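**Q** this is a predicted model, with the sequence first.
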Amino acid sequence: MGFFSTLGDIFRVLRHTFRQTMTRPFTYFYPFEDRYYPDTTRGRHIHIRKNCTACAQCVKACPTIAIRIDKQDRMYEKDAALHFDYTRCIFCGLCVQACKFNALFHTKIVDLSEETREDLQYGPDRMGTLERKPLKWRGRTFR
Ligand code: SF4
Ligand code: SF4
């Protein structure tokens, strides 16, 4: 291998390195940066209580017994509170398919990790909103 061939290799490496510093990385700055998820993503659910009729079809459809319904807890005339156990849910989507009243949907929120198992029990307060705890890092707040 001659001197000029080695020099050419070094030049190609330097050119490649320079190009890479100028391009956006393929990775995401997770979890501080939300990546794109398609509309069909089966993330955690949202429960629209004003549409809910407390029919419990979602509870019956669930193969992992991840949903509990509390018909005594009402905000409207016919609705019920839903409690989701995200330590059991496998995100199969059967509960959403079973709901004929547009009261239960998947969202694109897929990062559900928590510090304790208890925090993965979602009561009606969390099932009705898309809000999440803000992420703080180095003095900056994300989300
Ligand atoms: S997505 Fe599947 S496992 Fe999860 S609550 Fe709905 S029916 Fe149950
Ligand atoms: S969310 Fe849908 S399927 Fe579940 S109880 Fe309410 S109306 Fe029935």
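**A** Yep, it's here. Numbers count the residues shown, from 1 in each chain. Ligands and ions are numbered 1, 2, ... in the order given.

**Q** okay, CA-based contacts and neighbour counts for the rest of this
**A** OK.

**Q** quick check: next helix or strand after whichever helix in the chain runs longest?
**A** Assignment by DSSP state H gives helix 3-22 as the longest helix of the chain. Tracing the chain C-terminally past helix 3-22 and defining elements by DSSP states H and E, one meets strand 45-47 next.

**Q** which element is encountered next along the chain beyond that next one?
**A** Next along from strand 45-47, by DSSP H and E: helix 57-61.

**Q** interface residues of this structure facing ligand 1?
**A** Residues of the chain found near ligand 1 (C-alpha under 6 Å from any ligand atom) are 61-64, 66-67, 89-95.

**Q** mind listing residues that contact the longest helix of the chain?
**A** In this structure, no residues lie in contact with helix 3-22 by C-alpha atoms under 8 Å, 6 or more residues apart in numbering.

**Q** off-centre distance for it?
**A** Here helix 3-22 is found 42 Å from its chain centre; the criterion is C-alpha atoms, centre = their mean, to the nearest Å.

**Q** next one: stretch 128-143
**A** With C-alpha atoms, centre = their mean, you get 14 Å for stretch 128-143.

**Q** what lies in contact with that stretch?
**A** Defining contact as C-alpha under 8 Å, 6+ apart, one finds that stretch 128-143 is touched by 32, 33, 46, 47, 48, 49.

**Q** stretch 89-109 too?
**A** 37-39, 41-53, 57-59, 61-62, 64-66.

**Q** could I get the CA-only coordinates of that stretch as PDB?
**A** Provided in PDB are the C-alpha atoms of stretch 89-109 (Å, rounded to 0.1, in the frame of the first residue of the first chain):
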ATOM      1  CA  CYS A  89     -52.700  -5.100  30.000                       C
ATOM      2  CA  ILE A  90     -51.100  -6.600  26.800                       C
ATOM      3  CA  PHE A  91     -52.400  -3.800  24.500                       C
ATOM      4  CA  CYS A  92     -54.400  -6.300  22.400                       C
ATOM      5  CA  GLY A  93     -57.100  -3.700  21.600                       C
ATOM      6  CA  LEU A  94     -60.000  -6.000  22.300                       C
ATOM      7  CA  CYS A  95     -61.600  -3.600  24.800                       C
ATOM      8  CA  VAL A  96     -61.500  -0.700  22.300                       C
ATOM      9  CA  GLN A  97     -63.100  -2.900  19.700                       C
ATOM     10  CA  ALA A  98     -65.800  -4.000  22.100                       C
ATOM     11  CA  CYS A  99     -66.800  -0.500  22.900                       C
ATOM     12  CA  LYS A 100     -69.700   0.500  20.600                       C
ATOM     13  CA  PHE A 101     -70.200   4.000  22.100                       C
ATOM     14  CA  ASN A 102     -66.900   5.800  21.200                       C
ATOM     15  CA  ALA A 103     -66.000   5.900  24.900                       C
ATOM     16  CA  LEU A 104     -62.700   4.000  24.800                       C
ATOM     17  CA  PHE A 105     -59.700   4.600  22.600                       C
ATOM     18  CA  HIS A 106     -56.000   3.800  22.400                       C
ATOM     19  CA  THR A 107     -53.600   6.800  22.500                       C
ATOM     20  CA  LYS A 108     -50.100   7.100  21.100                       C
ATOM     21  CA  ILE A 109     -48.600   7.200  24.600                       C
END
